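K.L.:
I need the structure of the sequence given here:
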Amino acid sequence: MTNSVSQELDLVKQLINEYKYDEALQNVNNIKQNENLTPVEALRILKYRTRIYYSLGKLDPALNSAEELYQKSQKIKMPLYSLDALYSKSGIFHIQGRIKEMYETFEQHEKLFKLIPREESTEFQEREAFLFYNKGLGDYYKGNLDHALDCYKKSLTFFEQFDPHSYFIIPILMAMAYPYQSKGELKLALECNEKALSLIPDREFFNLMLIKATIYLSIGEIYFAKGDMNNALEYFIRCQEIYEKYEIHEWPQYDKIIGVLAWKKDFTQARNYLQKYKQFIEKHDSKQNKMWYQFTRSLILKASSRMRDRAEAEYILKKIIEEHSTLFAFFSIDRVLIALCGLYFEEFRLFNQMDILDDIHPLVDHLQKNARQQNSYLLLAHVKLLQAKLALLQINMVGARKLLTEAQNIADEHDLQLLAGEISKEHDRLLEELKLWESIKKTQASVAERLKLASIDDVLERMQGRRALEPLESSGQQPVSLLILAEGGVLLFSYPFTDEWKQDHDLFGSFLSAFLTFSDEFFSQGLDRAKFGKETILLQSVGSFSICYLFRGQTYFAKQKLEKFVKTIQKDSVIWETLEKFEKSSQVADLKDLPKMEGLLNEVFLS
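P.N.:
Reported below is the predicted structural model:
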């Protein structure tokens, strides 16, 4: 590469980072006229031209340029530039809503990267940073939220260290907000969005305005979840105004605006925006747009107090689900299903008829199928929670508890910590209210009483993005006793944490007898906890042993401690082999037989 051309191309990169796209494009076109360009110089020109076209909103020329970059770099075996081309193509497909092609390009990008020998050069690490960003997007869409965050952070670290003025820092921060938002960590999501906004210069280029609109949408959703409808409405409107100005037709946000206005009972404004949406549909006619307009219209009808309007909303929602679901992306049809569930629950409350639940069950099953197909573990955990509430309404206590256990396991496994804590709290509350539910069963209490006690509205509001998750308070934990049993309920080891349990052998004996009954229920019905007087029992299997933990307080934090204890004894060969030895001899181990055990118990359960 000649020094003069190299310097000119370095200037082009600098102009791009300074958002001087017109000047950068002019320079690229001038450099292209040079008849003595090296192959690498020609590839750099294509790389920068792709980025400039993309930034100016000229997506078709950008895609053509990216494809040319890919073909030429492959021909002369310059794979780093092939990676640049694939990264750009996946971004363009994402904006155009061509999700299948986006995924295919993700996979092609990752496969190619693995074939390239690793270098310690900045050029190689920059391509790796782009790969991490793409992997983060893929993990987010697959529901692997923590993996997505880890990838985004690795990508961000590179740019902050080696190219701190890079434009790419902004979309990385914006992307990071989404997994935080899905996990319910709204403060962190808001911080990412605000930092990204602060880095956007006051210039009206397509790529910057698209990112700004996307950030406004995300912030609006965060405020919506917090119940701050005024701020939510403001940011949704800001987003839509950018979409209208730059003629971004793929993602109109009228439904979000109208949904807030309908919730606020501002029907005049809602109908004004619905008229705007109708005008948009007339310009951008498609079956999907028409159906989404009808869904948005149903939000106004559904919020009405008139039965005629609500009946029309039900008709619209059912028609979309029955006839047009294939036109919608999963997340879109999920919103329709949840809206219809909400409508039926309101009908259930009004008319006190149990057979209305027969209309709700298929909708919930449809949601569960969608959640599994799209790897949406957040939705799947919520669906399990909603199924548990339905079981409660039908006074199926064991079914409700089993579903609550399944819901928490899903949330725990996918690091949805706030949701896991909320589900655990719901399960604890159910155990406290079992006698109350039994009395409801005997007295055939009204639907209104059942709905109030089951707190279904809270679940539906979270599924609609209208309620934020609150973290649990970790105070008030009181360990009571821990037991380790062999198969068949043979006691191997016990440790009482309180003087009462150390001295009262009758109390311990009655607990052990009750526990053996509970353990059959645990294993046969897939439960994870039970009540014993004022205490809660947690049970976890590990190898041939069962670990039973008795405590007072929130089960969520007790379960975390029990899991930590189980992992530790599995890794400690001395403790594990001693337990196996006493299991074979059917003897009970004392603390003197397990010298490290007391310190471990105090560290895990009392710290």
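K.L.:
Helix, strand, or coil at Glu247?
P.N.:
coil (DSSP: H, G, I helix; E, B strand; the rest coil).
K.L.:
how much space between it and Leu210?
P.N.:
Taken as CB to CB, to the nearest Å, the spacing of Glu247 relative to Leu210 amounts to 11 Å. All C-beta spots, glycine's among them, are computed from the backbone N, C-alpha and C.
K.L.:
Looking at those two, which is more packed in?
P.N.:
Neighbours per residue (other CB atoms under 10 Å) separate Glu247 from Leu210, with Leu210 holding more: 20 against 10.
K.L.:
Now whichever strand or helix holds the more buried one: average pLDDT?
P.N.:
Using DSSP states H and E, Leu210 falls within helix 206-226. Averaged over helix 206-226, pLDDT sits at 92.
K.L.:
which residue ranges form the strands in the stretch 351-500 of the chain?
P.N.:
478-485, 491-496 (DSSP state E, counting those that start in this stretch).
K.L.:
so which of the ones you listed comes closest to Asn134?
P.N.:
Among the strands of the stretch 351-500 of the chain, the nearest to Asn134 by CB to CB is strand 478-485 (46.0 Å).
K.L.:
From Ile169, how far off is Lys187?
P.N.:
To Ile169, Lys187 is 21 Å away according to CB to CB.
K.L.:
So for the two, which sits in the more crowded spot?
P.N.:
Neighbours per residue (other CB under 10 Å) separate Lys187 from Ile169, with Ile169 holding more: 19 against 10.
K.L.:
Can you give the distance from stretch 450-467 to the centre of its chain?
P.N.:
Distance, stretch centre to chain centre, for stretch 450-467: 18 Å (CA atoms, centre = their mean, to the nearest Å).
K.L.:
need the helices for the stretch 201-350 of the chain, in chain order.
P.N.:
With DSSP state H, counting those that start in this stretch as the criterion, the stretch 201-350 of the chain has helices at 206-226, 229-245, 254-263, 267-283, 287-303, 307-323, 330-351.
K.L.:
Can you tell me which of those helices is most buried?
P.N.:
helix 254-263 (a mean of 23; mean count of other CB atoms under 10 Å).
K.L.:
that older thread, tell me which of the strands of the stretch 351-500 of the chain sits most buried.
P.N.:
By mean count of other CB under 10 Å, the strands of the stretch 351-500 of the chain have strand 478-485 as the most buried, with a mean of 22.
K.L.:
Can you give me the pLDDT of Asp457?
P.N.:
pLDDT at Asp457 comes out at 88.
K.L.:
how about the helices of the stretch 201-350 of the chain in TSV, adding distance to Glu126?
P.N.:
As requested, those are arranged in TSV below (distance: least, CB to CB, whole Å):
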stretch	distance to Glu126
helix 206-226	19
helix 229-245	29
helix 254-263	36
helix 267-283	40
helix 287-303	38
helix 307-323	45
helix 330-351	32
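K.L.:
Which among those is found nearest to Leu527?
P.N.:
When the helices of the stretch 201-350 of the chain are compared for distance to Leu527 using CB to CB, the nearest one is helix 330-351, at 26.2 Å.
K.L.:
helices and strands around the closest one, which ones?
P.N.:
Contact partners of helix 330-351 among helices and strands, from 3 or more CB pairs under 8 Å, 6 or more residues apart in numbering; DSSP states H and E: helix 287-303, helix 307-323, helix 357-373, helix 447-454, helix 456-463.
K.L.:
how many neighbours does Ile200 have?
P.N.:
17.
K.L.:
Now do the same contact list for it.
P.N.:
Counting by CB atoms under 8 Å, 6 or more residues apart in numbering, Ile200 makes contact with Ile170, Leu208, Ile211, Lys212.
K.L.:
want to throw those into TSV with distance to Glu432?
P.N.:
TSV is the format used below for those (distance: CB to CB, whole Å):
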residue	distance to Glu432
Ile170	48
Leu208	53
Ile211	48
Lys212	48
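K.L.:
And those, which is closest to Ser198?
P.N.:
Of the contacts of Ile200, the one sitting nearest to Ser198 (CB to CB) turns out to be Ile170, at 9.5 Å.
K.L.:
Next one: the closest one from Lys212, what distance?
P.N.:
9 Å.
K.L.:
quick one: which of the strands of the stretch 351-500 of the chain is nearest Ile222?
P.N.:
Evaluated over those, closeness to Ile222 peaks at strand 478-485, with 36.0 Å, by CB to CB.
K.L.:
average pLDDT across that closest one?
P.N.:
So the average pLDDT for strand 478-485 ends up being 89.
K.L.:
What of stretch 347-359?
P.N.:
89.
K.L.:
ok so, going back, possible to save the strands of the stretch 351-500 of the chain as JSON lines with distance to Gln71?
P.N.:
JSON lines is the format used below for those (distance: least, CB to CB, whole Å):
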{"stretch": "strand 478-485", "distance to Gln71": "64"}
{"stretch": "strand 491-496", "distance to Gln71": "67"}
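K.L.:
Out of the ones you listed, which is closest to Leu199?
P.N.:
The closest of these to Leu199 is strand 478-485. By CB to CB, the value is 47.9 Å.
K.L.:
what angle separates that closest one from strand 491-496?
P.N.:
Interaxial angle, strand 478-485 versus strand 491-496 (axes from the mean of the first three to the mean of the last three CA atoms, to 10 degrees): 170 degrees.
K.L.:
Just the pLDDT at Met597, thanks.
P.N.:
Taking Met597 on its own, its pLDDT is 91.
K.L.:
Identify the residues contacting it.
P.N.:
For Met597, the contact set (CB under 8 Å, 6+ apart) comprises Phe493, Tyr495, Ile575, Leu591.
K.L.:
How about Gln387?
P.N.:
Gln387 is in contact with Val364, Gln368, Leu403, counting by CB under 8 Å, 6+ apart.
K.L.:
ok, the residue lying closest to the second one once chain neighbours are set aside to Lys369 distance?
P.N.:
Same thing as Gln368. Counting by CB to CB, 6 or more residues apart in numbering, Val383 is the residue found nearest to Gln368 once chain neighbours are left out, at 4.7 Å. Taking CB to CB as the measure, Val383 falls 9 Å from Lys369.
K.L.:
and what of Lys187?
P.N.:
Distance from Lys187 to Lys369, by CB to CB: 33 Å.
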